[in-house]
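Chemist: Here's my sequence, what's the structure:
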Amino acid sequence: MTVLIVDDDPDYLVILRRVIMRRAPWASVLTADGAAPALPLIRAEHPGLVLCDVRMPPPGSVNDVAVAGREVGATVIAISSAARIGPPGIALLSKDDLPARLDGLLAAAPNDHAPGAR
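Modeler: Okay, the predicted model is just below:
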């Protein structure tokens, strides 16, 4: 499985990438520092799970990331430390809640590369 983390906070990208790599060492973890750089990654890599910050500076938005993610069949989760309402059709988690819910998200996301998958 490929996981893409999209966030404009470089520290959060590093921390969440490490958490995912510990919990799912078989996963490929990609990062993008905004919506605009995430879009070509989504189209090229077809991640199974996209974790995207709700509040990022332009260009692009969580909505653009969600549309691109759905086009490739990804599970898209919007995350935020501040926002409490996510875009329509996208699950929203606070960044504080994400580590506790990560195992379930990884298990539920489309996964072509897990051990034993064909």
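Chemist: Name the residue closest to the centre of the protein, please.
Modeler: The residue lying closest to the centre of the chain (Cα atoms, centre = their mean) is residue 51, at 1.9 Å.
Chemist: Partner strands of the one helix or strand that residue maps to, with direction?
Modeler: Assessed by DSSP states H and E, residue 51 sits inside strand 49-53. According to DSSP bridges, strand 49-53 forms sheet pairs with strand 2-6 (parallel), strand 75-80 (parallel).
Chemist: for it, what is the average pLDDT?
Modeler: For strand 49-53, the mean per-residue pLDDT is 93.
Chemist: residues making contact with that strand?
Modeler: By Cβ atoms under 8 Å, 6 or more residues apart in numbering, the residues outside strand 49-53 that reach it are 1-9, 12, 16, 35, 38, 42, 62, 65-66, 69, 74-80, 98, 105-106, 109-110. (Each C-beta comes from the backbone N, C-alpha and C, glycine too.)
Chemist: Of those residues, select the buried ones using a ChimeraX command.
Modeler: ChimeraX command restricting the contacts of strand 49-53 to the buried ones, with burial defined by 16 or more other Cβ atoms under 10 Å:
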select :1,2,3,4,5,6,7,12,16,35,38,42,62,65,66,69,74,75,76,77,78,79,80,98,105,106,109
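Chemist: just to revisit the earlier point, name the residues of the strand holding residue 51 that come out as buried.
Modeler: Residues of strand 49-53 classed as buried: 49-53 (neighbour count, 16+ other Cβ under 10 Å).
Chemist: can you check stretch 31-45 too?
Modeler: Result for stretch 31-45 [16+ other Cβ under 10 Å]: buried residues 31-36, 38-39, 41-42.
Chemist: With distance to residue 23 as added columns, please give those in TSV.
Modeler: Shown next, in TSV, are the buried residues of stretch 31-45 (distance: Cβ to Cβ, whole Å):
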residue	distance to residue 23
31	16
32	20
33	22
34	25
35	25
36	28
38	22
39	26
41	21
42	22
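Chemist: ok, the residues you listed vs residue 20, which is closest?
Modeler: If you rank the buried residues of stretch 31-45 by distance to residue 20 using Cβ to Cβ, residue 31 comes first, at 10.2 Å.
Chemist: Surely residue 36 touches residue 57?
Modeler: No - the criterion here is Cβ atoms under 8 Å, and residue 36 misses it with residue 57 at 9.8 Å.
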